[in-house]
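K.L.:
coords below, sequence missing:
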């Protein structure tokens, strides 16, 4: 961070003797934050989620939004009004090259396909980073960012804000207290996507808006023609740019699973996905688009030696069966995003934004007696990151630092690896499901599927020429 040399300051103000008192107004008046107590932040991706990310970071009295970067002037308009003193760039590479001496930390709020390259570029310059979820577009990128955070000793946080809120901490205390016993089965689900998926790729030539630098928007993704179907939000449903419903909500809904249970990297994954049809029983293989709905099954070894944890993820409106312990009209039926832990003594139902519910219902009477042992984050996910940047690497225990968020993201994206393998065309005859519908076996140390080699192309994405980590 930029430092103000006190001795030089005193000399410059004529306060060279020990008896001279410098009035507070000279130092900036009430509420003034000295430059040495300020985190100078650059926002890569200033519109959409980037707009709210920057606004939330600015709630810290130590944050100064000094630079903005967006490839689309239309998306950046509000942030430029909110932070009129911030210098504006379109290319984050030029921003970091020219201004790195004046930047302490960077927020990355781009579409998923640019997360890793932008975050890595900042970390290599020693900048602290806040990166929206999912941390990366591919498993290999997540592993690389995890290792880079440790190598460059920077403060990191993934943007799954629920990880810093009350419900997940209370859920952990309840499970740790043994109220539902040992957990070996979990269900997690979301109502997403709320954007188009399971459709054919758009076609036709369209004029690129003058406010948009389409080449920069593509970034490391393989080049295709501009189409308004991708912007500003629907890129999430296309594998080239997004990570579908699982990538969008998995890092929220599945956070309690990884935060609470003693699990390691997954060892196997399998899935099934909705097919689209054209004509009479003619299956349309839309391999560029994420499916409209899917179910993913993951297995994790417990690190305490008590067997495995099976996790089933559902999206696109699919959901687990209503627990038998609940009446037919229970409000759980309205949970659009949720998680169910099945333990040897009972069940826990919750999501990342509401209080947990235990089954059988009589167990809820014991919740009040469970002590609050987990640290709370009253300042919130964003301000906690800014304050950690003030302290430096290793001085703060953030909710979603890359040491945690990296392996977590790898596991979430394993589901997408399975789905994309499911969509593969492996024969000229048009069979687009991999042989045998077998589960995929994962060697986490070497980041490799060991029983179906074609799936390994989805471990690490191929960058367009001129782009790299």
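P.N.:
Received it, and whenever you're ready, just let me know what you need. Keep in mind that what you see is a predicted model, and the values were worked out from it rather than measured.

K.L.:
just the helices in the stretch 101-250 of the chain please.
P.N.:
Here the stretch 101-250 of the chain has its helices, by DSSP state H, counting those that start in this stretch, at 115-124, 139-152, 166-176, 214-218, 244-253.

K.L.:
mean confidence score for the helix or strand following the last one?
P.N.:
Remark: after helix 244-253, the chain's next helix or strand is helix 255-260, criterion DSSP states H and E. Taken as a whole, helix 255-260 carries a mean pLDDT of 97.

K.L.:
can you name every helix or strand that helix 255-260 contacts?
P.N.:
Judged by 3 or more Cβ pairs under 8 Å, 6 or more residues apart in numbering; DSSP states H and E, helix 255-260 is in contact with helix 166-176, strand 183-189, strand 338-343, helix 402-423. Using the backbone N, CA and C atoms, a C-beta is placed for each residue, glycine as well.

K.L.:
please redo it, this time with the cut-off set to 6 Å
P.N.:
Contacting helix 255-260 under the criterion 3 or more Cβ pairs under 6 Å, 6 or more residues apart in numbering; DSSP states H and E are the following elements: helix 166-176.

K.L.:
buried stuff in the helix it packs on?
P.N.:
166-175 (16 or more other Cβ atoms under 10 Å).

K.L.:
extract the residue ranges of the stretch 1-150 of the chain that are flagged as low pLDDT.
P.N.:
1-35 (pLDDT under 70).

K.L.:
what about 80?
P.N.:
1-36 (pLDDT under 80).

K.L.:
next one: the residue lying closest to residue 344 once chain neighbours are set aside from residue 382, what distance?
P.N.:
Distance criterion Cβ to Cβ, 6 or more residues apart in numbering; nearest residue to residue 344, sequence neighbours excluded, is residue 181 at 3.3 Å. From residue 181 across to residue 382, the span is 36 Å (Cβ to Cβ, to the nearest Å).

K.L.:
who has more neighbours out of the two?
P.N.:
residue 382 (24 against 14; other Cβ atoms under 10 Å).

K.L.:
and the residue nearest the centre of the protein?
P.N.:
Taking Cα atoms, centre = their mean as the criterion, residue 133 is the residue nearest the geometric centre of the chain, at 1.4 Å.

K.L.:
I'd like the distance between it and residue 444.
P.N.:
For residue 133, the distance to residue 444 - Cβ to Cβ - is 21 Å.

K.L.:
and residue 279, by the same measure?
P.N.:
For residue 279, the distance to residue 444 - Cβ to Cβ - is 42 Å.

K.L.:
ok, those two, which is more surrounded?
P.N.:
Using other Cβ under 10 Å as the criterion, residue 279 and residue 444 rank with residue 444 on top: 16 against 7.

K.L.:
without its sequence neighbours, what residue ends up closest to the more buried one?
P.N.:
residue 265 (3.5 Å).

K.L.:
okay, now that neighbour: neighbour count?
P.N.:
15.

K.L.:
which strand or helix spans it?
P.N.:
Short version, using DSSP H and E: residue 265 is in no helix or strand.

K.L.:
isn't it right next to residue 445, touching?
P.N.:
No: between residue 265 and residue 445 there is no contact under Cβ atoms under 6 Å: 8.3 Å.

K.L.:
show me what contacts the residue nearest to the centre of the chain?
P.N.:
By Cβ atoms under 6 Å, 6 or more residues apart in numbering, the residues touching residue 133 are 158-160, 251.

K.L.:
pLDDT added to those, as CSV?
P.N.:
Listed next are those as CSV, based on pLDDT from 0 to 100:
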residue, pLDDT
158, 98
159, 98
160, 97
251, 96
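
K.L.:
neighbour-wise, which one of the residues you listed leads?
P.N.:
residue 158 (32 neighbours).

K.L.:
distance of it from residue 136?
P.N.:
Going from residue 158 to residue 136 by Cβ to Cβ gives 10 Å.

K.L.:
hey, what's in contact with both of these two?
P.N.:
In contact with both residue 158 and residue 136: no residue, using Cβ under 6 Å, 6+ apart.

K.L.:
ok, the closest residue to residue 124 other than its chain neighbours to residue 129 distance?
P.N.:
Distance criterion Cβ to Cβ, 6+ apart; nearest residue to residue 124, sequence neighbours excluded, is residue 152 at 6.5 Å. For residue 152, the distance to residue 129 equals 10 Å [Cβ to Cβ].
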